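Novice: curious how this folds, go ahead:
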Amino acid sequence: MATYFLFGKYSPEAKKGISAGRTEKANQLITKYKGKIVSVYALLGEKDLVIIATFPGTEQALKYSLAVSKMTGIAFATSEAIPVKDFDKMASGI
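Specialist: Numbering: from 1, shown residues only. Sure, this is the predicted structure:
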């Protein structure tokens, strides 16, 4: 399973829908895409929240990102996270 960070930015409409119930629905939606929530944090700054999750691949991460955006109105930027030791191996020899 690969790790993905989904950075979210609330639109004015999405802010109106903030609730524990919506959060729970978003967390439950991930199972449809064979993913698992590792953790979720509210952020102060440029982005409003981050979902750290695992998925079997990029296709499932993409589908969840689009589905959760559609459900919540929150715009997500999704990035795969590469463990540093794996990154170092990939970058060796450059």
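Novice: let me see the ranges of the helices in this protein.
Specialist: Assigned by DSSP state H, the chain shows helices spanning 12-16, 20-29, 58-72, 84-91.
Novice: who touches the last one?
Specialist: If you take C-beta atoms under 8 Å, 6 or more residues apart in numbering as the criterion, helix 84-91 is touched by Ile82. Every C-beta, even on glycine, is put in place using the N, C-alpha and C of the backbone.
Novice: what's the answer for the first one, then?
Specialist: With contacts defined as C-beta under 8 Å, 6+ apart, helix 12-16 is touched by 72-74.
Novice: buried residues in it?
Specialist: Ala14 (16 or more other C-beta atoms under 10 Å).
Novice: what sits against the residue nearest to Pro83 when sequence neighbours are not counted?
Specialist: Take Pro83 and drop its neighbours on the chain: the residue closest to it by C-beta to C-beta, 6 or more residues apart in numbering is Thr3, 7.9 Å away. By C-beta under 8 Å, 6+ apart, the residues touching Thr3 are 38, 52-54, 80-81, 83.
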